[in-house]
Every structure is written in C-alpha cells, then in structure tokens.
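K.L.:
Provided below are the primary sequence and the corresponding predicted coordinates.
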Amino acid sequence: MASKRPNLLVFAVDSLRADHMSCYGYKHYTTPHADTLARDGVLFENCFSAYIPTTPAYTSMLTGLDVFSSDVVSLRHENPLFPEIRTLPQMLREHGYVSACIGHGEGLWKGFDTYENYQAWMSWEDRPGLKAHNLNEVAIPRLNALAASDKPWLLYLRHMDPHAPYLPPSPFDRMFYDGDEFDPANESMEPVWAFKPFAEFLKSWMPPGLTDKDYVIAQYDGEVAYMDACIRRILTRLDELGLTDDTIIIYNSDHGETLYDHDIYFDHHGLYDVTLHVPLIVKGPGVPVGKRVSGYTLHEDFVPTVLDLLDIESDIAFDGKSVLPLIRGERATNYSEFYITECTWMRKHGWRTPEWKYFESLEPDFHHKPPFELYNLIDDPDENHNLAATEPQVVELLQNRMNAWIAKRTAETGRPNPILRYNLGMNLSIGSIATAKKLQEK
C-alpha cells in the first residue's frame with residue numbers, strides 16, 4: 001500500500017568525487033547503476049561540499065545549516081549539536097516517518113529511530129574489503145522491516161567504499177588496471193612513502209613493494225564500481241517490495257577525494273575541487289526524468305529540498321535552499337559565490353565563485369604550500385597555477401567578500417567563527433587503521 005507521503009532512500013557516500021563517476025563524464029564506466037538513477041531523475045552538475053571533511057559535511061547535509069549556524073567545522077568536533085538544532089529524521093518524525101541510519105553512530109547525527117553499523121575498515125592482510133556487501137547485510141533486513149511498517153520511512157546509508165582503505169574484491173581490483181604495480185622502474189609512489197604523516201596508514205593497506213600510483217587510483221575506481229554493483233541490490237529489493245514508485249532516492253557524497261592531486265595522497269583534505277565537487281542525483285515522485293541542472297548547490301540545500309519534495313513546511317530558518325526551483329527553471333542557481341572551509345589536517349578557509357577560487361591558511365600547511373592560493377577556474381580548472389602573487393587585486397576582492405560574509409554570519413549567530421577555535425599544528429598524522437577508524441566513529 002502506498003504511503004501518504006513518499007519514502008526516502010538516501011545514499012550518502014563517503015569520499016566520492018563526482019569526476020570519477022561515468023555519469024559525470026569519467027573515462028571509465030564506474031557507475032552504471034548510478035547512471036541509471038541519473039537518467040531516470042535529475043543530475044546536478046555543480047554540487048559542492050563547502051565544509052570539509054566528514055563531520056561538518058554530514059552535519060550540514062542533515063540539518064540544512066552552514067558551519068556558522070551548526071558551530072560544527074572540524075573533523076574533531078567534541079560536543080553534541082546544540083539542543084535547538086533539529087536533524088532531518090527529527091523533522092520527518094513530526095510527520096509520521098520512521099527512520100534508520102546505517103554507517104553513523106548517534107553522536108552529532110541525532111534523531112534516527114535506529115542506528116546500525118558494519119565493517120568498513122581493514123588492512124592489507126584483511127583483504128578483500130567487502131564494505132558495500134557488509135552494508136547490504138545490514139541494510140536489506142532494515143529495508144524489509146521499514147517496508148513492513150504502515151508508516152513512510154527514511155533509510156539513510158553511509159557507504160564507505162571510496163574512503164581509504166581501497167581494497168575492492170575481484171574482479172574490481174583489476175577492472176581498471178593492467179600494469180605491473182611492482183615495476184622497479186616506476187617511482188611514482190616514492191613521494192607517497194616520503195610523506196610521513198600518512199606513510200604508516202597507507203602502508204597498512206597497500207601491497208608491500210608497490211611502486212605505481214596508478215594501481216592505487218585503479219583501486220579507488222574499483223571500489224566505486226564495486227559499491228555501485230552492491231547498490232543495485234538495494235534498488236532491486238526496493239523493486240521487489242513494490243516501493244520504487246513511492247520512494248524518493250537521493251544520491252550524494254560528503255566530499256570528494258584527492259588521489260595523486262596537488263601532492264595530497266589518497267585522502268580528502270585540501271580545498272581543491274577534487275575534494276569539494278560531489279555528486280547529487282535525485283529520482284522519484286515529483287522529479288522529472290533525464291534532466292541535468294548546471295546551477296550551484298551546497299549540502300545545506302539537502303534538507304530544504306527533501307521537505308519541499310515531501311510538501312512539508314518548516315519553521316526552521318535554514319541556511320540552504322530547495323533545489324526544486326532549479327529543476328523547474330525558476331532560478332538559475334542557488335549560489336553565485338560561497339564560503340569554503342577545511343579543518344582536517346590543515347585549517348583553511350576561502351571564497352569560491354564560478355571563475356575564481358581563493359583560500360588562505362590559518363596556520364602553516366603541513367604540505368608546505370603557500371599561505372595564499374588563487375586559481376582561475378575557467379583557464380585552469382585543475383587548479384595547478386597559483387595566481388595569488390600575480391593577481392593581488394583579485395586576492396583583495398575575494399578576501400573582502402569572504403571577510404564580509406564571516407562578519408555577517410557571526411553577527412547573525414552571535415558567536416565567533418568556529419574555525420578559529422582550533423589550532424591543528426604541524427605534527428598531526430593519521431596513524432594506523434585503528435586510529436583512523438576511531439576518528440571516523442566520533
């Protein structure tokens with residue numbers, strides 16, 4: 001029996017960069033099933049994770065708030081959300097929804113009726129990493145239980161496959177690689193092993209003797225393809241339950257991933273677009289078929305969009321905006337420029353427009369990059385040529401825009417900029433698999 005309101009199935013993937021998905025133009029056919037969702041719904045070409053990494057990104061996605069309103073800007077955020085902040089499952093509960101979250105603990109992401117987890121961390125000796133299979137083992141029974149309810153439901157799935165360690169099973173581990181990963185003439189992994197803050201972690205899950213960085217990139221792509229195949233099982237079960245036509249499906253990611261880009265190896269820090277540009281696909285009742293939207297959207301748009309799709313009014317003053325006016329052609333974009341932050345291993349913030357990106361370090365960069373970076377995104381979309389020294393007027397313009405925004409938002413919240421609360425220093429390291437897992441589970 002159809003619910004009065006549609007169900008909501010959310011694929012909230014961790015560490016998936018849009019440009020490694022085939023529906024976003026990637027050279028490899030990595031995401032055939034996500035591509036089908038895009039063909040049957042709407043793909044947003046310019047969705048950005050403005051506040052990296054995981055902690056602020058998912059917080060924005062689940063609250064409709066920016067970092068000033070939520071006060072959550074750092075990976076290492078210690079406190080619960082302010083009591084007055086309501087999350088998406090709390091909002092939906094007021095309208096009869098039941099909810100389940102798989103892949104998060106309660107913590108910051110409060111309000112789900114049930115929480116479950118699965119094994120998503122492993123070392124080289126533990127391979128293959130069956131992350132998406134492990135998620136399905138939990139998600140399918142939960143989907144069955146939700147379907148048996150007489151209430152509409154929200155199922156929120158945090159897939160971890162594109163997040164290191166990249167250890168996909170066969171045949172995905174060789175699907176995009178036919179070289180010799182131990183070729184002694186290949187020296188591309190030498191700078192990776194020389195980067196001390198990450199060397200221990202990377203060696204714990206990469207093959208001993210590895211020399212070719214393209215092998216690791218192929219493992220990332222293999223993880224994306226493997227996850228895509230496992231996601232098909234969830235979509236098939238939705239079909240088997242007769243619920244596909246009554247379910248809104250949203251596919252998003254908390255942030256992208258740096259692979260061998262910008263001397264940042266196989267992680268998600270650095271305010272470059274490989275980390276900020278994420279997928280957003282929406283399919284279901286009330287959503288047109290086969291449309292691509294070029295306007296800019298951010299994670300704080302997620303909750304207002306869901307409520308708009310479900311025809312639910314809210315008294316919350318969201319920082320985000322529904323994307324439905326973009327779909328209908330009533331508005332070209334949700335943003336013409338926006339504030340960006342990172343507070344992971346480095347602490348930086350900046351300002352992005354369609355043409356320019358500027359960001360500055362709030363303390364020394366442990367990659368020893370310059371304190372000010374400016375890129376022309378039209379002429380240099382890969383952000384390889386820092387123009388900060390040669391375009392001082394543009395730097396000043398964007399600095400002023402950023403500082404005016406910070407002043408406006410801190411005046412509105414009555415609190416200082418949360419990123420100023422942290423001092424990361426130069427001695428951070430990711431450490432072992434166990435240490436990385438502990439950070440992610442906060």
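P.N.:
Yep, it's here.
K.L.:
Spell out the residue ranges of the helices in the stretch 301-442 of the chain.
P.N.:
302-309, 324-327, 392-413, 433-440 (DSSP state H, counting those that start in this stretch).
K.L.:
Out of the ones you listed, the one nearest residue 354 is which?
P.N.:
Evaluated with Cβ to Cβ, the helices of the stretch 301-442 of the chain place helix 392-413 nearest to residue 354, the distance being 12.7 Å. In short, each C-beta sits where N, CA and C put it, glycine included.
K.L.:
For that closest one, name the packing helices and strands.
P.N.:
Helices and strands touching helix 392-413, by 3 or more Cβ pairs under 8 Å, 6 or more residues apart in numbering; DSSP states H and E, are helix 67-70, strand 338-343, strand 347-352, strand 356-361, strand 372-376.
K.L.:
Turn those into JSON lines, columns for mean neighbour count, mean pLDDT and distance to residue 29.
P.N.:
Shown next, in JSON lines, are those (neighbours: other Cβ atoms under 10 Å; pLDDT from 0 to 100; distance: least, Cβ to Cβ, whole Å):
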{"stretch": "helix 67-70", "mean neighbour count": "24", "mean pLDDT": "98", "distance to residue 29": "36"}
{"stretch": "strand 338-343", "mean neighbour count": "24", "mean pLDDT": "97", "distance to residue 29": "31"}
{"stretch": "strand 347-352", "mean neighbour count": "23", "mean pLDDT": "97", "distance to residue 29": "30"}
{"stretch": "strand 356-361", "mean neighbour count": "22", "mean pLDDT": "98", "distance to residue 29": "30"}
{"stretch": "strand 372-376", "mean neighbour count": "21", "mean pLDDT": "98", "distance to residue 29": "30"}
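K.L.:
in this protein, which ranges drop under the pLDDT threshold?
P.N.:
1-3, 425-442 (pLDDT under 70).
K.L.:
Contacts for stretch 70-88 next, please.
P.N.:
51, 53-56, 59-60, 62-65, 67, 69, 107-111, 154, 302-303, 306, 316, 341, 343-344, 413, 415, 418-419, 421-422, 439, 442 (Cβ atoms under 8 Å, 6 or more residues apart in numbering).
K.L.:
so residue 12 makes contact with residue 155?
P.N.:
No - the criterion here is Cβ atoms under 8 Å, and residue 12 misses it with residue 155 at 10.6 Å.
K.L.:
Identify those among the contacts of stretch 70-88 that sit within strands.
P.N.:
51, 154, 341, 343 (DSSP state E).
K.L.:
Can you list the residue ranges for strands in the stretch 201-350 of the chain?
P.N.:
Counting by DSSP state E, counting those that start in this stretch, the stretch 201-350 of the chain has strands at residues 247-253, 277-278, 280-283, 291-298, 338-343, 347-352.
K.L.:
biggest helix in the chain by residues?
P.N.:
Ordering each helix of the chain by length in residues (DSSP state H) puts helix 213-240 first.
K.L.:
Distance from the chain centre to that helix, please.
P.N.:
16 Å (Cα atoms, centre = their mean, to the nearest Å).
K.L.:
now do stretch 367-378
P.N.:
The answer for stretch 367-378 is 22 Å, by Cα atoms, centre = their mean.
K.L.:
Can you get me the start-to-end distance on that stretch?
P.N.:
Length of stretch 367-378, first residue to last, Cα to Cα, to the nearest Å: 26 Å.
K.L.:
Enumerate the positions of stretch 75-88 that are buried.
P.N.:
75, 77, 81, 85-88 (16 or more other Cβ atoms under 10 Å).
K.L.:
Show only the entries of those found in helices.
P.N.:
Per DSSP H, the subset of the buried residues of stretch 75-88 in helices is residue 88.
K.L.:
Need the max-distance pair from the buried residues of stretch 75-88.
P.N.:
Taking Cβ to Cβ, no two of the buried residues of stretch 75-88 sit farther apart than 75 and 86, at 23.3 Å.
K.L.:
Give me the number of neighbouring residues for residue 233.
P.N.:
Other residues near residue 233 come to 15 when the count uses other Cβ atoms under 10 Å.
K.L.:
quick one: it and residue 137 touch, right?
P.N.:
No - between residue 233 and residue 137 there is no contact under Cβ under 8 Å: 10.4 Å.
K.L.:
which residues does residue 365 contact?
P.N.:
Here residue 365 is in contact with 346, 348, 371 (criterion: Cβ under 8 Å, 6+ apart).
K.L.:
One more pass at 6 Å, please.
P.N.:
residue 346 (Cβ atoms under 6 Å, 6 or more residues apart in numbering).
K.L.:
Please report phi then psi for it.
P.N.:
In terms of degrees, to the nearest 10, the main-chain angles of residue 365 are phi -90, psi 130.
K.L.:
Now do the contacts for the residue nearest the centre of the chain.
P.N.:
Of all residues in the chain, the one closest to the mean position by Cα atoms, centre = their mean is residue 254, 1.6 Å from it. Each residue near residue 254 by Cβ under 6 Å, 6+ apart is listed here: 14, 54, 57-58.
K.L.:
Nearest to residue 29, out of the residues you listed: which one, please.
P.N.:
residue 14 (22.0 Å).
K.L.:
Find the nearest non-adjacent residue to the closest one, please.
P.N.:
residue 163 (4.6 Å; Cβ to Cβ, 6 or more residues apart in numbering).
K.L.:
go on, residue 5?
P.N.:
residue 152 (4.8 Å).
K.L.:
count of neighbours near the nearest residue to residue 158 once chain neighbours are set aside?
P.N.:
Leaving aside its chain neighbours, residue 158 sits nearest to residue 103 (2.9 Å; criterion: Cβ to Cβ, 6+ apart). Using other Cβ under 10 Å, residue 103 has 24 other residues around it.
K.L.:
pretty sure residue 103 contacts residue 156?
P.N.:
No - in this structure, residue 103 is not within contact of residue 156 by Cβ atoms under 6 Å, at 8.0 Å.
K.L.:
Break this structure down into its structural domains.
P.N.:
7-179+214-335, 340-421 (automatic domain parsing).
K.L.:
Centre of the chain to the first one, how far?
P.N.:
Meaning domain 7-179+214-335. 7 Å.
K.L.:
Next: stretch 199-206.
P.N.:
23 Å.
K.L.:
Sort out which residues of it are buried, please.
P.N.:
For stretch 199-206, by 16+ other Cβ under 10 Å, it's 201-202, 204-206.
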